[in-house]
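Enquirer: Test case, fold it:
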Amino acid sequence: MITLTIGRPSEKQRIFLQDTHKHVGYGGARGGGKSWAIRTKAKLLGLKHPGVKMLIVRRTYPELQKNHIDQLKAELVPDVARYNGSEKRMTFKTGAIIDFMYCKNDDDLGRLQGAEYDVIFIDEATQLTEYQLKAIEACCRGVNDFPHRVYYTCNPGGQGHGYIKRIFIDRRFEDGEKPEDYSFTQALVQDNAALMEADPDYVRRLEALPPKLRKAWLDGMWDIFEGQFFEEFRDDPSHYLDREWTHVIEPFDIPPGWRIYRSYDFGYAKPFSCGWWAVDYDGRLYRILELYGCTGEPNVGVKWTAQEQFKRIHEIEAQHPYLKGKHILGVADPAIWNAESGESIADIAAKNHVFFEKGDNARITGWMQVHYRLQFDDQGIPMLYAFNTCKAFIRTMPLMMYDEHKVEDLDTDLEDHCPDEVRYMCMARPIKPTIVKERPIIGDDPLNQRIPKRKSIYISHG
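Expert: This next block holds a predicted model:
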């Protein structure tokens, strides 16, 4: 009989260890005891289920070795398991195995070709991209009676921040994702009694971090992380003291006198983005509708050729109650007028009765206009709102980060097509920045009294 002593888990770690959902998330801040929780769960499963196949993943091999391999070797070898360094595999006396894998780039996924695991642990999951995470998740399968689960530990920030936040924090699920399969346990450093005792200065070091890092790493806030380009953007006011300040609102019926715009950024192998905007009498922008699509990305959908994009845009404008019968002013990236094969993207749009003016593509000036629009005045009112049905806008805007080589610009390697067409729209209606003398905790004139509140029955076609 094998006896294993694991130590006493914290209350949050206990919840993680007992969780039986298919996708189990844990963390949210630094120092929550995430790696310990993974190792402990793997040991328990290896002893309880003879023959179970497990995988532990981290971004780099040194991290994998320091946080898991060396620790498990010290805890299990030779009494409970043996370790094969060339195969990076730990085999229990029960026949259970733990494989160890690093995933620094997409090429590393080749080692998973044809692999099947019953249980997968992805440590520091936000350090991997959404594509990498989904490729690894796909290896959790089999026809045996073992539990089939994926465990994720994570902090705010990193390449996979948007995906992890969507499925565990926002719980905005896409086709094929079942809400009942996902659970998340928020753990802060204060939940880790062992760390607090061993390193009482750890919290003070976190408290001394710059504001954005401190909020993410100490408080576990998922809406603010280091490098965020649009740090003004707010889509979850419950996280902030001034709770009425937000950019995302309920849909309402558009007054007939408001002007309507369409902004567009082309994409085929990458996402395209089209947004429709209403402009009120004060010049405030309301993103009321959007259409977003691409090819080659996981779980996004069908290919959208230029012809298909503009055919659908024309159909929406002819049928949707927000847009039907309206004179719509279109603005787009000037690049769509380039005719490499005799016919430009703008020509294809025109054939489908979709017309544009050339947008101002000045990047830095354009981003400043977006910042100006997102600023709140001293009553908590910005110059740009988005209906909560505009999912691509809500998802991608807070994920944009600064370019590390050109710090005043946005990182173009990110999913920036929706922000790009927002930039064209803001440049079509430039404004001066809002000067706020003092930002109150709660505005005297509540946000709900400053915008129409009649909820529309119409939803986004995005």
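
Enquirer: For the residue nearest to residue 161 when sequence neighbours are not counted, which residues are in contact?
Expert: Using Cβ to Cβ, 6 or more residues apart in numbering and skipping residues adjacent in sequence, the residue nearest residue 161 is residue 126, 4.9 Å away. All C-beta atoms are positioned from the backbone trio N, CA, C, and that covers glycine. Contacts for residue 126 (Cβ atoms under 8 Å, 6 or more residues apart in numbering) come out as 154, 155, 156, 157, 158, 159, 160, 161, 164.

Enquirer: Can you pull the phi/psi pair for residue 126?
Expert: In terms of degrees, to the nearest 10, the main-chain angles of residue 126 are phi -70, psi -10.

Enquirer: Please apply the same query to residue 102.
Expert: phi -110, psi 150.

Enquirer: And the one 4 residues further on, by the same measure?
Expert: Residue 106 adopts backbone torsions of phi -60, psi -30, taken as degrees, to the nearest 10.

Enquirer: tally of neighbours for it?
Expert: For residue 106, the neighbour count with other Cβ atoms under 10 Å is 11.

Enquirer: That one and residue 432, how far apart?
Expert: 44 Å (Cβ to Cβ, to the nearest Å).

Enquirer: could you check the distance from the residue lying closest to residue 180 once chain neighbours are set aside over to residue 200?
Expert: In space, and not counting its chain neighbours, residue 180 is closest to residue 21: 7.8 Å by Cβ to Cβ, 6+ apart. From residue 21 over to residue 200 the distance is 34 Å, taken as Cβ to Cβ.

Enquirer: how near is the residue nearest in space to the middle of the chain to residue 174?
Expert: Centroid check for the chain by Cα atoms, centre = their mean gives residue 162 as the closest residue, at 1.0 Å. Relative to residue 174, residue 162 is positioned 12 Å away (Cβ to Cβ).

Enquirer: Also residue 330?
Expert: Distance check for residue 330 against residue 174: by Cβ to Cβ, it reads 29 Å.

Enquirer: Neighbour count for these two, which is higher?
Expert: More neighbours surround residue 330 than the other of residue 330 and residue 174, with 21 against 12 (other Cβ under 10 Å).

Enquirer: Let me know whether my guess that that one is in a strand holds.
Expert: Yes. Counting by DSSP: H, G, I helix; E, B strand; the rest coil, residue 330 is part of a strand.

Enquirer: Once you drop chain neighbours, what's closest to it?
Expert: That would be residue 356: by Cβ to Cβ, 6+ apart, it lies 3.9 Å from residue 330.

Enquirer: mind listing what that neighbour touches?
Expert: 262, 264, 330, 331, 332, 336, 346, 349.

Enquirer: ok, now residue 101?
Expert: 55, 56, 57, 64, 88, 108, 111, 112.

Enquirer: what would these look like in a markdown table with distance to residue 274 and neighbour count?
Expert: What follows is the contacts of residue 101, written out as a markdown table (distance: Cβ to Cβ, whole Å; neighbours: other Cβ atoms under 10 Å):
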| residue | distance to residue 274 | neighbour count |
| --- | --- | --- |
| 55 | 40 | 23 |
| 56 | 42 | 26 |
| 57 | 37 | 26 |
| 64 | 42 | 20 |
| 88 | 46 | 18 |
| 108 | 35 | 18 |
| 111 | 39 | 12 |
| 112 | 36 | 18 |
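
Enquirer: and of the residues you listed, the nearest to residue 15?
Expert: Nearest to residue 15 out of the contacts of residue 101 is residue 56 (Cβ to Cβ; 20.2 Å).

Enquirer: tell me the contacts of that closest one?
Expert: Here residue 56 is in contact with 38, 42, 64, 68, 98, 99, 100, 101, 121, 123 (Cβ under 8 Å, 6+ apart).

Enquirer: Setting the sequence-adjacent residues aside, check what's closest to it.
Expert: Residue 56's closest residue in space is residue 121 (Cβ to Cβ, 6+ apart), at 4.6 Å.

Enquirer: Is the one you found in a helix, a strand, or coil?
Expert: Residue 121 ends up strand, using three-state DSSP.

Enquirer: mind listing the helices for the stretch 51-200 of the chain?
Expert: 61-64, 70-76, 130-137, 161-164, 193-198 (DSSP state H, counting those that start in this stretch).

Enquirer: Let's have those helices in a markdown table, adding mean pLDDT and distance to residue 220.
Expert: A markdown table is the format used below for these (pLDDT from 0 to 100; distance: least, Cβ to Cβ, whole Å):
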| stretch | mean pLDDT | distance to residue 220 |
| --- | --- | --- |
| helix 61-64 | 95 | 21 |
| helix 70-76 | 94 | 24 |
| helix 130-137 | 95 | 20 |
| helix 161-164 | 88 | 12 |
| helix 193-198 | 64 | 15 |
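
Enquirer: Any idea which of these gets closest to residue 293?
Expert: Comparing those by Cβ to Cβ, helix 130-137 comes nearest, at 16.4 Å.

Enquirer: Could you name the helices and strands sitting against the closest one?
Expert: strand 119-122, helix 161-164 (3 or more Cβ pairs under 8 Å, 6 or more residues apart in numbering; DSSP states H and E).

Enquirer: can you do 10 Å?
Expert: Applying 3 or more Cβ pairs under 10 Å, 6 or more residues apart in numbering; DSSP states H and E, we find helix 130-137 packed against strand 53-58, strand 119-122, strand 149-154, helix 161-164.

Enquirer: Thank you kindly, that will do.
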